[in-house]
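*Asks:* could you work out the structure for the sequence below:
(2 chains)
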Amino acid sequence: MSESAVPAVPEGVRELDIIGVRHGAFGASGSGDTSGFGGLVEPIVMPAPAVRPFGGWFDEVSDELELSLEARGLPATDAIEKVVIYRDEITYHVRREHLVAFATALRDEPGLRFEVCLGVNGVHYPHETGRELHAVYNFLSITHNTRLRVEVSVPDDDARIPSIVGVYPANDWHERETWDFFGIVFDGHPALTRILMPDDWPGHPQRKDYPLGGIPVEYKGGTIPPPDQRRSYN
Amino acid sequence: MSTDNVTYSSADADADADSVESDEGTDAYAGSYETTEGRIFSVAGGDWDTITGAPEGERDRIVVNMGPQHPSTHGVLRLILELDGETVTEARCGIGYLHTGIEKNMEYRSFVQGVTYVTRMDYLTPMVNETAYCLAVEKALDVTDQIPERASVIRVMMMELNRVSSHLVALATGGMELGALTAMEFGFRERELVLDIFEMVSGLRMNSAYVRPGGVAQDLPEDGVQKIRETLPLLRKRLTDTVNLLVDNSIWMGRTVGVGYLDLLGCMALGITGPVLRSTGLPHDLRKTQPYCGYENYEFNVATQTTCDVYGRFLIRIQEMTESLNIVDQCLDRIKPGPVMIEDKKIAWPAQLSIGSDGQGNSPEHIKEIMSESMEALIHHFKLVTEGFRVPAGQVYTAIESPKGELGCHLVSSGGTRPYRVHFRDPSFHNLQSLAAMCEGSMISDVVAAVASIDPVMGGVDR
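*Replies:* Numbering: from 1, shown residues only, chains lettered A, B, ... in the order given. Here you go, the predicted model:
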């Protein structure tokens, strides 16, 4: 990894979200890269955390959040791991043990009033050791006409997140869907069962390590390899 | 059954023996068994008399599976209803029968190819799905303000026509499920007018894959504006037919007024959006509050009702169709000649389609350029089509107002040519959660009306 490949780090930020490393220019592997760029090594870095001031209404919301969390006896630095601002969208990375308190503040605080939880979605980053599974919640405030995102990261071998169905009943099916596809257990969900896959389905299909099937071809025993093993440009 | 057996000839002696056995209750699908909650009888039809012998009190709970193959459940929705007589005491949905793994498939296709998947999610609103996805890709690329004006106007026009066709199907299937078959015929007939426009513009009635990252796949045909302008009066006139048929119709009102009640409090708790939310009087519409594709430049009203019931949602859909046609009118006035694809050649699809003697294909000018004029153009075309463009690592969420509510697209890119993860917050999926709140305590026939008023499309629910 060359130093120059890493983007400039904002002051006060120590860690970068490196979710993988890309080799070569064209993503080809196995078949020999004859492009001359085969030696390139580039880390895949997610947007870096933001530091105050965030700009725009992000500061007001963050102030409001910190005050209301502290009013609930929860220092904001305990609950919020980091804040990422990317493409005019704000993401709060929240520690899982404080998620329910965080969601309650989002719903109840008059200055926040995020009435609508738009569901939760899982993302699997197999290379991020210790925080492989991310649950991403989107919120909408109709009163203030704003949106924000909450992200919770958990390790693969302890994939448990407290359910926020008690705060946002709307999240019921979404949490079931995320359990179904990623195997994240939402503690306290009233009936955490599979929702889209059959009840007896083995495994969680949206995970990156879920085995994919190839297609047998009726020609001299050939097969089309599974999509994740085909030559690709990614 | 025993009377049938009498007519069997002696050659069917074996068959006779089998059916005698089944008379004694060995039918695998119609038996009874003990559970901790009492004796459970499974009845599959025609064998009700097998449970008449059960003591009173043991048949106080009847659980009926309605669907997944049932004409009144809007496709493959399975309703699990617990009944007390004809009253629904508990209602649950079983979904997943149309799960096709669209989100997973998209992770192995380039960003442009993703459009052909999303168009098949909620198959009644292909243009809306495509636009939601393309807006997310464009936001991740940070090129939102480089989308040409003409492309945005075409997108808005297609989305609004799509809103009309989607609402027409909602009324048509809803009408059919409540016994108003004329409404169904009207609805599908008028929808065909809209689909004709889609076919003229994109080549396909449904699943058109017309909106692409950076713009739209091709410009309107030369007489396109003219033809759409000619269709609008006919659509308006025929819409009046439906209005005359159903609005203030006492039979229709008898089935829909006060049915499927869900007030603002319930909607907020369940995160409901779209016509169901607007039927409580809250004028929440993303086209107004968080405009995209230049919706802030159009004049239209957000339709609301305060009745919180199926009839109110029906009236909202009627009003929205009129508003949508007005927006299409404004689009036709607003549309100016110009490019329909982003200027950035590293993103823009290189070819334009045209219709030749052998059907639709790449335009002859483009073929001429890449085959006989510029080798670099050929390489560029090849690279962009096979490899695709790279999207910087990061995540974005875009939401647009689909005919059914907020359609959100959460897109995560890892800097490659394919989405790392795409997730769609489909309004049908989300709003279907409110079914229990709408139906429990009502008659079983009202369940059908309530489902129709949510207007779920299982392709979108299951994805």
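*Asks:* so who does the closest residue to chain A within chain B touch?
*Replies:* Using Cβ to the nearest Cβ, the closest approach of chain B to chain A is made by residue B:271 at 3.0 Å. (Each C-beta comes from the backbone N, C-alpha and C, glycine too.) For residue B:271, the contacting residues are A:115, A:116, A:117, A:118, A:119, A:168, A:169, A:170, A:171, B:430, by Cβ atoms under 8 Å, 6 or more residues apart in numbering or on different chains.
*Asks:* go again using 10 Å as the cut-off
*Replies:* The contact partners of residue B:271, by Cβ atoms under 10 Å, 6 or more residues apart in numbering or on different chains, come to A:115-119, A:139-140, A:168-172, A:174, B:277, B:405-406, B:425, B:430-431, B:433-434.
*Asks:* next one: residue B:263
*Replies:* By Cβ under 10 Å, 6+ apart, the residues touching residue B:263 are B:279, B:280, B:281, B:306, B:308, B:309, B:437.
*Asks:* and if we set it to 8 Å?
*Replies:* Per Cβ under 8 Å, 6+ apart, neighbours of residue B:263: B:280, B:308.
*Asks:* which other helices and strands contact the top helix by length along chain B?
*Replies:* Looking across chain B with DSSP state H, the single longest helix is helix B:149-177. When contacts are defined as 3 or more Cβ pairs under 8 Å, 6 or more residues apart in numbering or on different chains; DSSP states H and E, helix B:149-177 sits against helix B:126-141, helix B:181-202, strand B:215-216, helix B:224-246, helix B:310-334, helix B:444-454.
*Asks:* let's have these in CSV, adding mean pLDDT.
*Replies:* Putting the helices and strands packed on helix B:149-177 into CSV (pLDDT from 0 to 100) gives the following:
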stretch, mean pLDDT
helix B:126-141, 93
helix B:181-202, 90
strand B:215-216, 90
helix B:224-246, 89
helix B:310-334, 92
helix B:444-454, 89
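*Asks:* mind putting these into JSON lines with distance to residue B:168 and mean neighbour count?
*Replies:* Output for the helices and strands packed on helix B:149-177, formatted as JSON lines (distance: least, Cβ to Cβ, whole Å; neighbours: other Cβ atoms under 10 Å in any protein chain shown):
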{"stretch": "helix B:126-141", "distance to residue B:168": "14", "mean neighbour count": "27"}
{"stretch": "helix B:181-202", "distance to residue B:168": "4", "mean neighbour count": "19"}
{"stretch": "strand B:215-216", "distance to residue B:168": "23", "mean neighbour count": "26"}
{"stretch": "helix B:224-246", "distance to residue B:168": "8", "mean neighbour count": "16"}
{"stretch": "helix B:310-334", "distance to residue B:168": "7", "mean neighbour count": "22"}
{"stretch": "helix B:444-454", "distance to residue B:168": "13", "mean neighbour count": "24"}
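*Asks:* what would those look like in a markdown table with distance to residue A:185?
*Replies:* As requested, these are exported to a markdown table (distance: least, Cβ to Cβ, whole Å):
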| stretch | distance to residue A:185 |
| --- | --- |
| helix B:126-141 | 29 |
| helix B:181-202 | 44 |
| strand B:215-216 | 43 |
| helix B:224-246 | 47 |
| helix B:310-334 | 36 |
| helix B:444-454 | 29 |
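*Asks:* what sits against whichever residue of chain A sits closest to chain B?
*Replies:* When scored by Cβ to the nearest Cβ, chain A has residue A:170 as its residue closest to chain B, at 3.0 Å. Counting by Cβ under 8 Å, 6+ apart, residue A:170 touches A:116, A:117, A:119, B:269, B:270, B:271, B:272, B:430, B:433.
*Asks:* that one - that's part of a helix, no?
*Replies:* Yes: Residue A:170 forms part of a helix when assessed by DSSP: H, G, I helix; E, B strand; the rest coil.
*Asks:* state the distance from the closest residue to the residue of chain B closest to chain A other than its chain neighbours to residue B:455.
*Replies:* Nearest non-adjacent residue to residue B:271, counting by Cβ to Cβ, 6 or more residues apart in numbering or on different chains: residue A:170, 3.0 Å away. Going from residue A:170 to residue B:455 by Cβ to Cβ, to the nearest Å gives 18 Å.
*Asks:* residue B:407 too?
*Replies:* 13 Å.
*Asks:* residues in contact with residue B:269?
*Replies:* Listed by Cβ under 8 Å, 6+ apart, the contact partners of residue B:269 are A:169, A:170.
*Asks:* buried stuff in the helix or strand in which it is found?
*Replies:* Element membership for residue B:269 (DSSP states H and E) is helix B:264-270. Buried residues in helix B:264-270, counted by 16 or more other Cβ atoms under 10 Å in any protein chain shown: B:266, B:267, B:268, B:270.
*Asks:* in TSV, list those residues along with pLDDT and distance to residue B:289.
*Replies:* What follows is the buried residues of helix B:264-270, written out as TSV (pLDDT from 0 to 100; distance: Cβ to Cβ, whole Å):
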residue	pLDDT	distance to residue B:289
B:266	90	21
B:267	91	16
B:268	89	16
B:270	90	19
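*Asks:* tell me which of the residues you listed is nearest to residue B:445?
*Replies:* Of all the buried residues of helix B:264-270, residue B:445 sits closest to residue B:266, with 21.4 Å by Cβ to Cβ.
*Asks:* got the contact list for that closest one?
*Replies:* B:272, B:434, B:437.
*Asks:* give me the element the last one is part of.
*Replies:* Which is residue B:437. helix B:435-439.
*Asks:* what does that helix contact?
*Replies:* B:79, B:88, B:90-93, B:260-262, B:266, B:270, B:446-447, B:450-451, B:454.
*Asks:* again with stretch B:411-422
*Replies:* For stretch B:411-422, contacts defined as Cβ under 8 Å, 6+ apart pick out A:19-20, A:22, A:27, A:44, A:121, A:123-124, A:206, A:232-234, B:103, B:106-111, B:114, B:133, B:136-137, B:139-140, B:387-398, B:409-410.
*Asks:* ok, now stretch B:203-210?
*Replies:* So stretch B:203-210 is contacted by B:115-116, B:119-120, B:123, B:126-127, B:130, B:158, B:195-196, B:198-199, B:201-202, B:216-218, B:353, B:360 (Cβ under 8 Å, 6+ apart).
*Asks:* hmm, try it at 6 Å
*Replies:* B:115, B:116, B:119, B:120, B:126, B:195, B:198, B:199, B:202, B:216, B:217, B:360 (Cβ atoms under 6 Å, 6 or more residues apart in numbering or on different chains).
*Asks:* now do stretch A:203-210
*Replies:* Residues from elsewhere that reach stretch A:203-210 (Cβ under 6 Å, 6+ apart): A:124, A:126, A:181, A:182, A:183, B:104.
*Asks:* out of those, list just those in helices.
*Replies:* Per DSSP H, the contacts of stretch A:203-210 map to helices at A:181, A:182, B:104.
*Asks:* the second one reaches residue A:122, doesn't it?
*Replies:* Yes: Residue A:182 lies in contact with residue A:122 (Cβ atoms under 6 Å); the separation is 3.6 Å.
*Asks:* per-residue confidence for the closest residue in space to residue B:184 that isn't next to it in sequence?
*Replies:* Nearest non-adjacent residue to residue B:184, counting by Cβ to Cβ, 6+ apart: residue B:176, 3.9 Å away. Here the pLDDT value assigned to residue B:176 is 86.
*Asks:* next, count neighbours for residue B:176.
*Replies:* Residues lying near residue B:176 (other Cβ atoms under 10 Å in any protein chain shown) number 19.
*Asks:* then residue B:390?
*Replies:* Other residues near residue B:390 number 19, with proximity taken as other Cβ under 10 Å.
*Asks:* for the one residue sitting closest to the centre of chain A, what is the enclosing helix or strand?
*Replies:* Taking Cα atoms, centre = their mean, the centroid of chain A lies closest to residue A:134, which sits 3.6 Å from it. In this assignment (DSSP H and E), residue A:134 forms part of strand A:133-141.
*Asks:* what is the helix or strand following that strand packed up against?
*Replies:* Next helix or strand after strand A:133-141 toward the C-terminus (DSSP H and E): strand A:146-154. Where contact means 3 or more Cβ pairs under 6 Å, 6 or more residues apart in numbering or on different chains; DSSP states H and E, strand A:146-154 is packed against strand A:89-94, strand A:133-141.
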